[in-house]
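missing the sequence, but the structure's below:
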Ligand SMILES: O=[N+]([O-])c1ccc(O[C@@H]2O[C@@H](CO)[C@H](O)[C@H](S[C@@H]3O[C@H](CO)[C@@H](O)[C@H](O)[C@H]3O)[C@@H]2O)cc1
């Protein structure tokens, strides 16, 4: 140990503020600046962590140790970097972050929960809190103590490629679902201080409310674009989720790529510093989005020096660089030495970062162990995800009238046709942010139960199931099926790749629907991240349900299709007739939906 270092900051019996001060008094300017940098794992090595005292690492979407890496391999990777950090001059541990936005979605074999649009349809904050707790355990199974969740966007236009990451168009549902923060971080002890970073143990993770602010309100839902809104609309629609998150002790908040009335959020000092840190008294740290600093200019990175100056002075504490830490540090050092960034701003950022690291016990427990590896994809979590799937399904049509319902379907019948691109495809039913950043159209993307598997498990052993991905109408007519289940929908997409102005059901789904439903009684199961154009086909399908992006536990669809459980889901988004109506949200003066916000037919389950 270096005799010139006062190790008081490593003493957990000391008050946190004493530890922070003792450590900061010993940090060089270079070390303080390095704590404000977050690198993707591909740009880091243990030596870099040691030599530069980098504050944080992340796995960007799809950034994994190797394909199908085990929990143990993840732990080894994170600990490898951490040991580098611990051997730095002051031994400040790094914090490793990852997007666990519907379960620990980068990791093979993790439980993949329904995306947020589906969770909003459950109207069940307690369920969502349990999902947070399960997600925390699966992140810890891989040695990771920090997740970039929840996304508390209020998506106001389904043309937005990230609309499925939003719980609802209604801010009240988004506020309720911030309960997930207490699942992720742990429940605040009674009478504990509100509005300060909280972490309730080694089985919990630091959370991140994102993306501050108004990410879901951009013009025409164009990703990373401009949200044009007055102050009262901003406060009433997009801001309440942040109050609720802060009160629940959220430790970090991520800034949005988008702009507010023409000003990039990453350069918005009034909102990040004056409002979030001032008015709302947020005490955790504010992190940029991925190259969010670079994107202050167009083309991005056109003037990184000026962008970094704007972003740090706006109040961003940690920069998700995530590649070139040398450029970052060199420019930061220059700005401080030239008094363009005041030392007080650096000290505010580092104090916030250290406050989160001390309050989460990272100095006491920097090295992950293998005690949680069996939590990854555990049966208990899969059962929880299956419950979430059941509760998220929204029944939009059930026969021509209530007297002659189609659902629940009989398990015992002669022959059932299961058709459609999304019936037997794990990648398609999970959607974006799954194993890779964009997700994949891949039957066996990860471990789980496809919707077809779920149906096969549910029906009577004597019932014949015929599966055909894209059957033609002759085949359907010739086979004398009792009825058909048609599972179709959107391909996986993430962020801008998901921006879509026509919102039609892609081929071959539409043709499959026509071929099948024109020839036999059919139930259509729609797999999508948002409402799609269905009005023209409604009269030709016998039943229609929204299954959203259910994740790995496809059994939950069969549970409700065949009546073990009833349909209870309610639309968390308005179902439009045509895209010309958009944006159209509950409460609008002109509101003419196909199915209104809150709509959902019900059926009785036998309650197994
Ligand atoms: O090579 N290219 O062509 C390419 C293109 C776009 C990229 O852009 C990047 O891709 C992903 C990783 O590859 C990153 O995750 C982000 S997204 C951003 O990242 C955060 C951390 O993952 C999340 O919490 C936020 O919620 C999200 O807005 C970025 O968009 C990267 C590479």
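Looks like it arrived, so ask away. Small disclaimer: the values here were computed from a predicted structure and weren't measured.

now the closest residue to residue 351 other than its chain neighbours: how far from the ligand?
With sequence-adjacent residues excluded and distances taken as Cβ to Cβ, 6 or more residues apart in numbering, residue 351 is closest to residue 20, at 5.8 Å. For the C-beta atoms, the positions are set from N, CA and C on the backbone; glycine is no exception. According to Cβ to the nearest ligand atom, to the nearest Å, residue 20 and the ligand sit 26 Å apart.

can you map out the helices along the stretch 301-450 of the chain?
Using DSSP state H, counting those that start in this stretch, the helices of the stretch 301-450 of the chain run over 304-314, 325-337, 343-359, 379-392, 426-430.

so which of these comes closest to the ligand?
Closest approach to the ligand among those (Cβ to the nearest ligand atom): helix 304-314, 15.4 Å.

buried sites along the closest one?
Neighbour-count burial for helix 304-314 flags 304, 307-314 (criterion: 16 or more other Cβ atoms under 10 Å).

do stretch 248-263 as well
248-260.

for the ligand, what are the nearby residues on the stretch 351-500 of the chain?
Applying Cβ under 6 Å from any ligand atom, we find that the stretch 351-500 of the chain lies next to the ligand at 437, 495.

let's see it at 5 Å
residue 437 (Cβ under 5 Å from any ligand atom).

Could you do the stretch 1-150 of the chain as well?
Counting by Cβ under 5 Å from any ligand atom, the residues of the stretch 1-150 of the chain close to the ligand are 60-61, 99, 148.

Give me the buried entries from those residues.
Using 16+ other Cβ under 10 Å as the burial test, those include 60-61, 99, 148 as buried.

Output those residues as CSV; include the columns pLDDT and secondary structure.
Listed next are those as CSV, based on pLDDT from 0 to 100; DSSP: H, G, I helix; E, B strand; the rest coil:
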residue, pLDDT, secondary structure
60, 97, coil
61, 96, coil
99, 98, coil
148, 98, coil
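
quick one: residue 89 and residue 2 touch, right?
Yes: with contact defined as Cβ atoms under 8 Å, residue 89 and residue 2 form a contacting pair (6.9 Å).

any idea how far the residue in the stretch 501-608 of the chain positioned nearest to the ligand is from residue 6?
For the stretch 501-608 of the chain, the residue closest to the ligand is residue 529, as judged by Cβ to the nearest ligand atom, at 14.8 Å. Distance, residue 529 to residue 6, using Cβ to Cβ, to the nearest Å: 53 Å.

okay, these two: which has more neighbours?
Comparing residue 529 with residue 6 by other Cβ atoms under 10 Å, the one with more neighbours is residue 529, at 29 against 10.

Excluding covalently adjacent residues, which one is nearest to the more buried one?
Spatial nearest neighbour of residue 529, excluding adjacent residues (Cβ to Cβ, 6+ apart): residue 164 at 3.0 Å.

Now do the contacts for the most centrally placed residue in the chain.
Geometric centre of the chain, nearest residue: residue 101, 2.6 Å, by Cα atoms, centre = their mean. Residues near residue 101 by Cβ atoms under 8 Å, 6 or more residues apart in numbering: 115-116, 147-151, 165, 433.

do the same with residue 355
With contact set as Cβ under 8 Å, 6+ apart, residue 355 has these partners: 16, 20, 197, 283-285.
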